[in-house]
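give me a 3D structure for the following:
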Amino acid sequence: MKLQCFSLILLPFLSLVSASGNEQIVMNPTDGPFIPQAHAQPTLSDLLTVEQSASIFYSYARELELSRIFGDDSAKSTVLVPINKAVMALSRKPHEGQGSTAIGDDVEISEEEFDKLSKANVERWVSAHIIPETPIVLDSREYPTLLEGKSISFQPILKNDGKGPEWTRVTVEGGIRIIGMKKASNGVLYLLDGVISTE
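Below you'll find the model as predicted:
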């Protein structure tokens, strides 16, 4: 019994002695000093990180591989971001799907299948909000999104006085208003008071 207690007390000291061997990695001093990267403007990723009204959209987008374009300076994109209030107002959340991709309540599927379908639905939903070019002219022409077969167009607001930024004088998809705009080093972010349909 005394031997067991003694070994329990001695055990931490033995692990310290064995860890203090030559297990440390020596850094190469010729690598030079660390130089942080500086950008003149924030990236789309930076803007989405600090934009509180877009946190739900960005939390969905961050789970996807395609979210890398938000931090890539060479990938120029226009992102149409629904504000949190618009996402919360959806009767079916993005992971549940819309129309033909909806996950029905009465269908029995495995958890793995549910996760796979949910991720595919989120990817469709996020992709419908990204136009892979910037800058764009906010007129009636159609711009293809990252969602195959989905294009977006802008319509002028009928009763506008022609004053103010261009984005304040148009709607998206027949009535969704743009309520804010932010420029990034790799694109433009428009905040929407509604959600782009995946259909």
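
helices of this structure, start to end?
Using DSSP state H, the helices of the chain run over 2-19, 44-50, 55-62, 84-88, 111-127.

flag every buried residue along the second one.
When neighbours are counted by 16 or more other CB atoms under 10 Å, the buried residues of helix 44-50 are found to be Leu44, Ser45, Asp46, Leu47, Leu48, Thr49. Every C-beta, even on glycine, is put in place using the N, C-alpha and C of the backbone.

quick one: the fifth one from Gly180, how far?
Going from Leu48 to Gly180 by CB to CB, to the nearest Å gives 13 Å.

the longest strand in this protein is where?
The longest strand of the chain (DSSP state E) is strand 176-184.

partner strands of it, with direction?
Next to strand 176-184 in the sheet, as set by DSSP bridges, lie strand 170-172 (antiparallel), strand 187-192 (antiparallel).

need the winner for burial among those strands.
strand 187-192 (a mean of 22; mean count of other CB atoms under 10 Å).

what residues does that strand touch?
44, 47-48, 51, 53-54, 75-83, 86, 134-136, 167, 172, 176-183 (CB atoms under 8 Å, 6 or more residues apart in numbering).

buried only: go through the residues you listed for me.
Using 16+ other CB under 10 Å, the buried ones in the contacts of strand 187-192 are 44, 47-48, 51, 54, 75-83, 86, 134, 167, 172, 176, 178, 180, 182.

what residue is smack in the middle of this structure?
Centroid-nearest residue in the chain, with CA atoms, centre = their mean: Ala61, separated by 3.0 Å.

which stretch in the strands paired with strand 176-184 has the least confidence?
Lowest mean pLDDT of the strands paired with strand 176-184: strand 170-172, a mean of 93.

quick one: contacts of it?
Contact partners of strand 170-172, identified using CB under 8 Å, 6+ apart, comprise 80, 138-139, 152-157, 177-178, 190, 192, 194, 196.

farthest pair within those residues?
Largest separation among those by CB to CB: Asp139 and Gly194, giving 19.4 Å.

the more surrounded of those two?
More neighbours surround Gly194 than the other of Asp139 and Gly194, with 22 against 11 (other CB atoms under 10 Å).

contact partners for that one?
By CB under 8 Å, 6+ apart, the contact set of Gly194 is Pro82, Ala86, Val172, Glu173, Gly175, Ile176, Arg177.

nearest to Ser127 among those?
Relative to Ser127, the closest of these is Pro82; by CB to CB it sits at 13.6 Å.

how about the contacts made by the closest residue in space to Lys93 that isn't next to it in sequence?
Distance criterion CB to CB, 6 or more residues apart in numbering; nearest residue to Lys93, sequence neighbours excluded, is Val87 at 7.6 Å. The contact partners of Val87, taken as CB under 8 Å, 6+ apart, are Ile56, Phe57, Lys93, Pro94, Val195.
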